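> I'll drop the sequence and a predicted model, then ask my questions.
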There are 2 protein chains.
Amino acid sequence: MSLKLYCDLMSQPSRALYILLNSIKCEFEPKLVDLRAAEHYSEEYTAINRFQKVPVIDHKGFILTESIAILKYLSRENIIPESLYPKESKAQARVEEFLEWQHAGLRLHCAMYFRVKYLNPVMFGKPADPSSLVGYKSRMEAALTEFDTKWLGRGNDFITGNSPTVADLVAACELEQPRMAGYEPSENFKNIDVWWKKVRQHFNPYYDEGHVIVNKILKKNAKAASKL
Amino acid sequence: MSLKLYCDLMSQPSRALYILLNSIKCEFEPKLVDLRAAEHYSEEYTAINRFQKVPVIDHKGFILTESIAILKYLSRENIIPESLYPKESKAQARVEEFLEWQHAGLRLHCAMYFRVKYLNPVMFGKPADPSSLVGYKSRMEAALTEFDTKWLGRGNDFITGNSPTVADLVAACELEQPRMAGYEPSENFKNIDVWWKKVRQHFNPYYDEGHVIVNKILKKNAKAASKL
């Protein structure tokens, strides 16, 4: 197949690309890289991506890392439809303004909270230090507040207007991460709650399919909590 | 003038855009936003950028934030020449792969070290906590190692090949930041040292002009150190 996607569905940007490609009915070959089995550190995978991260695409032999650069490339190659990644310069700039903002504005804080609260304890068997967790939580909540009020809450259904774009999918996949650590953004942020339902609806059934592992973890967490 | 750039030369992405626009002889109106005087928090500036950050452009009334989104927009608008921002899809993807990587791969760590070691003590009069500084320094050095070996050190003069692009300018401006905090990347990383000289040479005299405030601080620091 001309397009391969190296991914792990535990990784938010992997999910965003996986859901996107499925939802636009793009034929691609998913190549699962099991992060928990440290497959990304293997010699074979390091030869594909020297940064040892997912996602990566291989498009007719052209290997590209960095999910946002991948989205831009797939848009230029007319694989992503214009409705989800505008071609008009100013509309495109609005989507990219968000895609650039989210790196340090949203992703960093949601990912760090997930790592410190959930992943590190699971991997290393040591619970998170409560005092440092307070800082991670507060930085994540500040980021969520900014997303809720400065990107959403401006009278539009989606981030850059009244139709969804790749920006919405990228953001939604990030927000799933703290859920696995027991934090529900939609319970605390009204605009996020309303917007998120619309994003899920637009990208379903592919959104749920891409979140199959996330949803399994959420179920397992809920079961464990009910036994306490 | 049709293009305005809101910037402060203490901000690395501000400098990258300021140097770029000058070096390509693009006429623009610099609008200085004094971060130390908290001008970015003013009501007037918040109306321009709700995120209260620099840089921002106003291009014929179209206001855009996020330096990397600005670079992409200026490239599409044919303001940045193709030599510095390729139009060919794969070459463009290589530049954008770096531009996306640098957010959390380089910028975050250099900026945090600068903030904790230099800026916070200057602003709040309290020296950095030595034990937390160790962590910031080690994360910055890991980022610099990755930049030095995985982006540079691959046999090319510049990040994506043998001619400079916006990627090189963005990276170079970031690396100036820890210098103000007394850390010289070029003393510790050989590939960075060789590459940096070429980047400065290519973008001079505009590179030095954009670093006039940085260089004043470096001189002041050296003078203070010589009196110890």
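Nice, I can see it. Worth saying up front: this structure is predicted, and the values here are computed from it rather than measured.

> so which residues of chain A form strands?
Ranges of strands in chain A, per DSSP state E, are A:3-7, A:29-32, A:56-59, A:62-65.

> the last one near chain B at all?
Yes: Strand A:62-65 lies within reach of chain B by C-beta under 8 Å from any C-beta of the partner chain, at A:62, A:64-65. (Each C-beta comes from the backbone N, C-alpha and C, glycine too.)

> sorry, back to before: reformat the strands of chain A as a markdown table; add mean pLDDT and mean neighbour count.
Formatted as a markdown table, the strands of chain A follow (pLDDT from 0 to 100; neighbours: other C-beta atoms under 10 Å in any protein chain shown):
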| stretch | mean pLDDT | mean neighbour count |
| --- | --- | --- |
| strand A:3-7 | 98 | 21 |
| strand A:29-32 | 98 | 14 |
| strand A:56-59 | 98 | 22 |
| strand A:62-65 | 98 | 17 |
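
> redo the ones you listed as a markdown table? Include distance to A:D168.
Output for those, formatted as a markdown table (distance: least, C-beta to C-beta, whole Å):
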| stretch | distance to A:D168 |
| --- | --- |
| strand A:3-7 | 19 |
| strand A:29-32 | 22 |
| strand A:56-59 | 21 |
| strand A:62-65 | 22 |
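
> just the helices in chain A please.
A:12-23, A:43-48, A:67-76, A:89-102, A:108-114, A:120-124, A:130-146, A:166-180, A:185-188, A:190-203, A:206-210, A:212-226 (DSSP state H).

> I'd like the distance between A:G155 and chain B.
Applying C-beta to the nearest C-beta, to the nearest Å, the value for A:G155 to chain B is 14 Å.

> swap in A:N156?
Distance of A:N156 to chain B, computed by C-beta to the nearest C-beta: 14 Å.

> list the contacts of that residue.
The contact partners of A:N156, by C-beta atoms under 8 Å, 6 or more residues apart in numbering or on different chains, come to A:N162.

> ok, it to B:Y6 distance?
Plainly put, A:N156 is 25 Å away from B:Y6 if you go by C-beta to C-beta, to the nearest Å.

> hmm, the least confident helix or strand in chain A by mean pLDDT in reach of chain B?
Scoring the helices and strands of chain A by mean pLDDT, DSSP states H and E places helix A:120-124 at the bottom, with a mean of 89. No: using C-beta under 8 Å from any C-beta, helix A:120-124 never reaches chain B; the gap is at least 15.3 Å.

> which parts of that helix are buried?
For helix A:120-124, a neighbour-count test (16 or more other C-beta atoms under 10 Å in any protein chain shown) marks nothing as buried.

> so what's the gap between it and the chain middle?
Helix A:120-124 sits 21 Å away from the centroid of its parent chain (C-alpha atoms, centre = their mean, to the nearest Å).

> ok, stretch A:36-49 next?
Counting by C-alpha atoms, centre = their mean, stretch A:36-49 comes out at 21 Å from the chain centroid.

> swap in stretch A:106-125?
14 Å.
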